[in-house]
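[1] here is a sequence with its predicted model. Questions after.
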Amino acid sequence: MSAATDALEVTGIGKQYRRLFGRGSNWALRDCTFRVPAGRVAALVGPNGAGKTTLLTMLAGLLTPTEGSAQIGGRPVAAGRSRGGEGRVSFVAQDKPLYRQLQVATMLEVAARFNHVWDPSRAARWLERFEIPLDRPCGRLSGGQQAQVAFAIALGSCPSVLLLDEPLSNLDPLARREVTQELLTEAADTGMTVLLSTHVVAELGGVTDHLVLLADGALLVDDAVDDILGSHRYYVGPRSTAPPVPGEVVRASHTDHQSTFLLRVPPPLEPPAVAAPWTSREMTLEDFVLTQLETKRANSRRAA
Ligand SMILES: Nc1ncnc2c1ncn2[C@@H]1O[C@H](COP(=O)(O)OP(=O)(O)OP(=O)(O)O)[C@@H](O)[C@H]1O
């Protein structure tokens, strides 16, 4: 994949926060390098405190990196500098700031004045899709409805890259699925790239096509979801010290009578079929994320 087709290019980025009390500082994120191709919906996943918000805030140009740099649409991100053209970015933070006393329709008018590129129909379509009342003050909407207004404003500004910090956290399960599917449609229709942080990995299957996994302020995985899922498979059979087919053992677990192996076969090879009594099944994205995090934790404990 050439750099020209990458909407987001992050090189060695890191952030060190000063401690408020006492001396010294903490690295929230270190040496993070990854790319997200244009038009993808990428999930930014990691445990609490992994550095997701810090990364998104730097990509939005609201926080200066301590090290490294980022490019959006081929142009460097610089804190405090507004962007236009191909590198236009919208960021929806966790606390979605809306004027509580303003009606939704008036809030959109205010947003239109703040954005030099604005598509009123795109914002209106999103609100209509999610049945948000335009005449209600924002402060009298539910948390999930307020989130929808924030998404509508972000989309109305026609970003080439949309950064969302835990967009699904206020939404019910049905709304979560609808929002992720609509974002996928928006990305497919407009070429917009989405990077969204989330803890709800189980609901990302079929929606995100790229995974960026952080843990303890470091990048653990940066890969296409199809490649991840296509190269891993579970094998379950009688208790055994070795898997029934060749491949890298990512994880093995055993009971008295049964063994389960998660195997990785790097693309372009397909994970092999298996003969009875062994059975095999696909791995989910949630399985993959949990396995990576467990392995990382076990390695850290061993090294300590
Ligand atoms: N302003 C700040 N000053 C000092 N430390 C900070 C600051 N903001 C974040 N941190 C620390 O940086 C680390 C990463 O925080 P960050 O909010 O980026 O994580 P996160 O992955 O978004 O977490 P969560 O999933 O809980 O939202 C944490 O250890 C956090 O305590």
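    Sure thing, it's come through.

[2] okay, now the unreliable bits of the stretch 101-250 of the chain?
    For the stretch 101-250 of the chain, no stretch has pLDDT under 70.

[3] confirm that Thr106 sits in a helix.
    Yes: under the criterion used here (DSSP: H, G, I helix; E, B strand; the rest coil), Thr106 sits inside a helix.

[4] strands paired with the helix or strand harbouring Cys32, and their directions?
    According to DSSP states H and E, Cys32 maps onto strand 25-37. Paired with strand 25-37 in the same sheet, following DSSP bridges, are strand 6-18 (antiparallel).

[5] quick check: residues of the stretch 1-150 of the chain near the ligand?
    The stretch 1-150 of the chain has residues Tyr17, Asn26, Ala28, Gly46, Asn48, Gly49, Ala50, Gly51, Lys52, Thr53, Thr54 near the ligand, with proximity defined as C-beta under 6 Å from any ligand atom. Any C-beta I mention is one placed from the backbone N, CA and C, and that applies to glycine too.

[6] now the buried members of the residues you listed.
    Those of those that meet the buried threshold are Ala28, Gly46, Ala50, Gly51, Lys52, Thr53, Thr54, by 16 or more other C-beta atoms under 10 Å.

[7] now the strands for the stretch 51-200 of the chain?
    Under the criterion DSSP state E, counting those that start in this stretch, the stretch 51-200 of the chain contains strands at 67-72, 75-76, 89-92, 161-165, 193-198.

[8] if we only consider the buried ones among the residues of the stretch 1-150 of the chain next to the ligand, which is nearest to Ser240?
    Closest to Ser240 out of those is Gly46 (33.6 Å), distances taken as C-beta to C-beta.

[9] was I right to think that closest one contacts Leu213?
    Yes: with contact defined as C-beta atoms under 8 Å, Gly46 reaches Leu213; the gap is 6.1 Å.

[10] hey, what's in contact with both of the two?
    Common neighbours of Gly46 and Leu213 (criterion: C-beta atoms under 8 Å, 6 or more residues apart in numbering): Leu220.

[11] on that earlier part again, gap between the helix or strand just after the strand holding Cys32 and the chain center?
    Later in the chain than strand 25-37, the nearest helix or strand by DSSP H and E is strand 41-45. Distance of strand 41-45 from the chain centroid (C-alpha atoms, centre = their mean, to the nearest Å) equals 2 Å.

[12] so what strands line up beside strand 41-45?
    Sheet pairing for strand 41-45, assigned by DSSP bridges, gives strand 193-198 (parallel), strand 210-215 (parallel).

[13] pLDDT of that strand, averaged?
    Averaging pLDDT along strand 41-45 yields 95.

[14] could you shift the numbering so residue one becomes 20, and keep it that way?
    Fine by me, first position is 20 from now on; the one you just mentioned is strand 60-64.

[15] what strand or helix carries the nearest residue to Ala62 once chain neighbours are set aside?
    Spatial nearest neighbour of Ala62, excluding adjacent residues (C-beta to C-beta, 6 or more residues apart in numbering): Thr227 at 4.1 Å. Using DSSP H and E, Thr227 falls within no helix or strand.

[16] contacting residues for Thr227?
    By C-beta under 8 Å, 6+ apart, the neighbours of Thr227 are Val60, Ala61, Ala62, Thr199, Leu215, Val244, Leu304.

[17] output the residues you listed in CSV, with distance to Gly158 appended to each entry.
    Listed next are those as CSV, based on distance: C-beta to C-beta, whole Å:
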residue, distance to Gly158
Val60, 31
Ala61, 32
Ala62, 31
Thr199, 27
Leu215, 25
Val244, 38
Leu304, 36
